[in-house]
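Engineer: Sequence and predicted model, in that order:
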Amino acid sequence: MHDRRSEIRGRLRRLVDQHVRPAERRHVVDLVVDAWHVPPAADGTVGEPVPFATAKAQAYDAFAVGDAWGPAWATTWFRLKGEVPADLAHPELVVDLGFRGNMAGFQAEGLVHRPDGTHVKALNPLNDWVPATSGEPVELYVEAAANPHVLTGWRPTRLGDKVTSSPEPVYRLVAAAVVEVSPEVRELLADIEVLDQLAAELGEDDARQVEVLLALEAALDALDLADVPATAGTAREALTAALGRPAYDGAHRVSAVGHAHIDSAWLWPVRETVRKVTRTVANVVNLLDHDPDLVYAMSSAQQWEWVRTEHPELFERVKAHAATGRFVPVGGMWVESDTNMVGGEAMARQFLVGQRWFEKHLGTTCDEVWLPDSFGYTAALPQIVKQAGCRWFLTQKISWNTTNVFPHHTFWWEGIDGTRVFTHFPPVDTYTAELTGRELAHAARNFRDKGAATRSLVPFGHGDGGGGPTREMLARASRTTSLAGSPTVEVETPSAFFEAAEAEYADAPVWAGELYLEIHRGTYTSQAAMKQGNRRSEHLLREAELWSATAAVRGLLDYPAEELDEIWRIVLLHQFHDILPGSSIAWVHREARATYAEVAVRLERVIEAALDALAGEGSDEVTFNAGPVARLGVPAMGGFEARALAALAPQPPSVGLLENEHLRVELDEGGIIRRVLDKARKREVLPPGGAANLLQLHPDHPVKWDAWDLDRSYRAQGTDLTHGDVEVDGDTVVVTLSFGESSTTQRIRLVDDRVEVETEVDWHERERVLKAAFDVDVHTDNAAYETQFGHVVRPTHENTTWDAARFEVCAHRWVQVGDGGYGVGLANDATYGHDVSRHPRDGGGTYSRVRLSLLRAPLFPDPETDQGRHVLRYALVPGAGIEGAAEAGYALNLPLRRRSGNPVEPLVRVEGTAYVEAVKLAEDGSGDVVVRLYEPLGARTSVRVSASFPHSGATEVDLLERPYDSGSWHDGRLDLRPFQIVTLRFGRAHSE
């Protein structure tokens, strides 16, 4: 037989594009269009969205196809009127708002309402239809969002904020019409598409490929191109045998789950996400109403809450489908947060707040954690996941690695404490699949556990900017349920997949430690205000809960549960994986800065009210310590008279010298620290010729993903900033210097056994990264970095590609290096990006260079990233082990507070080494006291935990404050394994 495969493919493409697809819909009559444009705001920027009732009540003006609408970020309401002819068998409406290309969620979008305000469905370039009924009038209202297409390469854009975007219209209405649909042509197109895509993935020597192509040729031969609708059925008959061949025995099994990944902010502001969620949910509910096969999974309790509060009618329809198991809550978190930089307690609260929301409003909690797009996953997460009531974990983001290919798709992930969670990486390598032949074939070929396991999960639906599954995707799914040459596809719930996957692969391999993402390393640093706002909010929340709980238990005030819950939700939202990482448009970060400032004011009010109540009317100066360790004689989590503090007064400094009982620090004429002597240990902290607090400026030009990526190439060039002016101000040495368009003022002082640096930067560089370097005379091949509820140890060498890829890593409040007999810590108050490297030492051996990444200046998506004034604080801690570094981290992040009053006994005391992360009242309003603590050193230990208030006993609970028994709690004694988290609940219901 002659090989005519190329000819068949060419003929197929042309006939489908020029004859078959145009025959699917026939234009019947245009609709009458009127429009109302939401007026500009008082400041001249585009107006904000309005409710349906407000929009409907406005005076509408005539509008025509071809007319321009929508400056970027504006909203236009279109009123569509007309009549659907009674003789149409299969009518639909088509509305094209001016769509460009095929990127749903990244441009204009619309939401269609009936005259009573109820939702029909949404509009986007891949979903431009609206249902219609023959013989009935049309009156619909379309809320059209003129969202600009921002993702156009990696060039700076002013479209990322309504304040800077152009007032010119960005769209023109293309179509608003009644059309007649040919169901047979629509089904034929689906048949052809599935078989054509299947053939493209089969091997050239595969007989099945030839069979499929010959069937497609026969279908084309059966078509009368002058009347495609009339002959489409005959053409479909020619494909029946090819579509009816069942899947091969042993074919890879795909569990397809409808989904729409919706970034809670990214290339659009939060207010637009609210509308994106609504549009997507409206689409999904419409599909669920008409297609019994669809199962849809939606994460992020925050997004569910937006639907509930903004659109109650739509939420009731969602709940109805949720009750049947077809609209499935997943994730268990408030948002799909970052997991690298989020603090330990905040990570726990993502689940506490999220799971409680699902339980309250849907009567269920989530079994699977759903984080397909976050930028790496902390090694603390498995324990948190398990204690939040979850069994499974899903992501696909590690497929983005640029150096190493992850060895598994299904495995047990082991955290720092030894907890394991069953984990799956969908081998389809996307969370926005469309169930195409290429995607399904890739999932099967790419699956790294074949032979031992047989199945994988595929999330399908337009995402990032929302959209969700479409009827075209469901048509592909139905045709690939069992199709020779293709994986089998079953649309089902995530839990159905995980149950089956775990059952067949219970002995899956184990991956221990973090899931480090080998890309997007710049997100630890971009948008410094996000990092500072988050860190400060987390610690203010700790203080607010601690002091409010202490005062409430003592009967001094009511616990402000409602306000604290509201603030937690705000902070948790801003931990979303494009807000906290600093990878959103300017609008998002402008609003977030204002939000963080408001949060700080609110929390300070709560803290001050609680401390005023606790201190009372006494006249002594009392110092309050919210940290988990005693400081300067003040007990952890209590208040103490200031006159008893063991404060250490340093010697008056000179221009080149700082000295106290513990340390001697010498600076050169340019303000660089050249010597640090640990006097107690008689140890030179810096290596010969070394420097500390050396600012270094590097070019920063990633290949792409500007705000996200810090590429290794930045190290090729760099400038040491060594020519400062030095002066003395009280107990502080002040170093000022200028570079490029920027300047810094550093204030260096000794505080007890550490060197504290406050760096104020007036930053006006572009595409540069600023680092602070500390050379320490420590020979080691690893460093410890604080993470949630413990620390991780990473190599400082580059023996393997896995090691070399970690050239920039995340740490929380501290980093520590040690050589067995001596250690040095570097603590910070809001910096996450770090690198630790080894260098040859004069005289032999190596020394370690520890660096903090202070600031970046990428141009996309926010061209003004980090421009302006910043204040960053960090401290060198000579002689520090893990405890010393941790204590310095707490000192920087939880400053002591002083006021007149009476001493305050801590609510809870811990004897032994365990850090209390939270003291609060229980979520259920019972008044019980909840205490969360963890083992911080990576060592087994026993501690005693006691309460200073009457209580009916303490029991262990999980992160959701439900009964939980790890076997660690023994009536006052807590036996902890390394990095174990334990939450105790002290009952108060019958104690007063």
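Structural biologist: Thanks, I have it.
Engineer: Show me the residue at the heart of this structure, geometrically.
Structural biologist: Residue closest to the average C-alpha location in the chain (CA atoms, centre = their mean): residue 577, at 2.2 Å.
Engineer: ok, that one - contacts?
Structural biologist: Neighbour list for residue 577: 263, 336, 337, 338, 371, 373, 374, 375 [criterion: CB atoms under 8 Å, 6 or more residues apart in numbering]. All C-beta atoms are positioned from the backbone trio N, CA, C, and that covers glycine.
Engineer: Helices - which of these land there?
Structural biologist: Per DSSP state H, helices hold no members of these.
Engineer: Closest to residue 466 out of these?
Structural biologist: residue 263 (8.6 Å; CB to CB).
Engineer: which of the contacts of residue 577 has the most neighbours?
Structural biologist: residue 338 (29 neighbours; other CB atoms under 10 Å).
Engineer: Quickly note the distance from it to residue 378.
Structural biologist: Residue 338 sits 9 Å away from residue 378, going by CB to CB, to the nearest Å.
Engineer: what touches both of those two?
Structural biologist: When CB under 8 Å, 6+ apart defines a contact, no residue borders residue 338 and residue 378 alike.
Engineer: Now do the SS call for residue 456.
Structural biologist: What DSSP: H, G, I helix; E, B strand; the rest coil gives for residue 456 is strand.
Engineer: Tell me where this protein is predicted with low confidence.
Structural biologist: Residue ranges of the chain with pLDDT under 70: 642-649, 989-992.
Engineer: one more time with 50
Structural biologist: By pLDDT under 50, the low-scoring segments of the chain are 990-992.
Engineer: max-length helix in it?
Structural biologist: When the chain is parsed with DSSP H, its longest helix is helix 586-615.
Engineer: Please identify the buried residues of it?
Structural biologist: 586-592, 595-596, 599, 602-603, 606-607, 609-615 (16 or more other CB atoms under 10 Å).
Engineer: which other helices and strands contact it?
Structural biologist: helix 528-553, helix 561-573, strand 620-625, strand 897-901 (3 or more CB pairs under 8 Å, 6 or more residues apart in numbering; DSSP states H and E).
Engineer: leaving aside the residues next to it on the chain, what's closest to residue 198?
Structural biologist: Using CB to CB, 6 or more residues apart in numbering and skipping residues adjacent in sequence, the residue nearest residue 198 is residue 437, 4.8 Å away.
Engineer: you'd agree that neighbour is up against residue 487?
Structural biologist: No: judged on CB atoms under 8 Å, residue 437 makes no contact with residue 487 at a distance of 10.0 Å.
Engineer: what's the neighbour count on the residue nearest to residue 198?
Structural biologist: Residue 437, neighbours per other CB under 10 Å, totals 23.
Engineer: what about it, distance to residue 295?
Structural biologist: Where residue 295 is concerned, residue 437 sits at a distance of 21 Å (CB to CB).
Engineer: next one: residue 368
Structural biologist: The separation that residue 368 has from residue 295, given CB to CB, amounts to 14 Å.
Engineer: okay, those two: which has more neighbours?
Structural biologist: residue 368 (26 against 23).
Engineer: beta partners of that one?
Structural biologist: residue 392 (DSSP bridges).
Engineer: residues in contact with it?
Structural biologist: By CB under 8 Å, 6+ apart, the neighbours of residue 368 are 330, 331, 332, 390, 391, 392, 393, 394, 494, 495, 498.
Engineer: Out of those residues, list just those in strands.
Structural biologist: Taking DSSP state E, the ones among these that sit in strands are 392, 393, 394.
Engineer: Show me what counts as buried in stretch 854-866.
Structural biologist: 854-866.
Engineer: One more: stretch 149-160?
Structural biologist: 149, 150, 151, 154, 157, 159, 160.
Engineer: same deal with stretch 76-87?
Structural biologist: 76, 77, 78, 79, 80, 82, 84.
Engineer: ok, back up a step: please identify which of the helices and strands packed on helix 586-615 is closest to residue 471.
Structural biologist: Closest among the helices and strands packed on helix 586-615, using CB to CB: helix 561-573, at 32.4 Å.
Engineer: Would you pull up how far stretch 723-742 lies from the middle of the chain?
Structural biologist: Stretch 723-742 sits 38 Å away from the centroid of its parent chain (CA atoms, centre = their mean, to the nearest Å).
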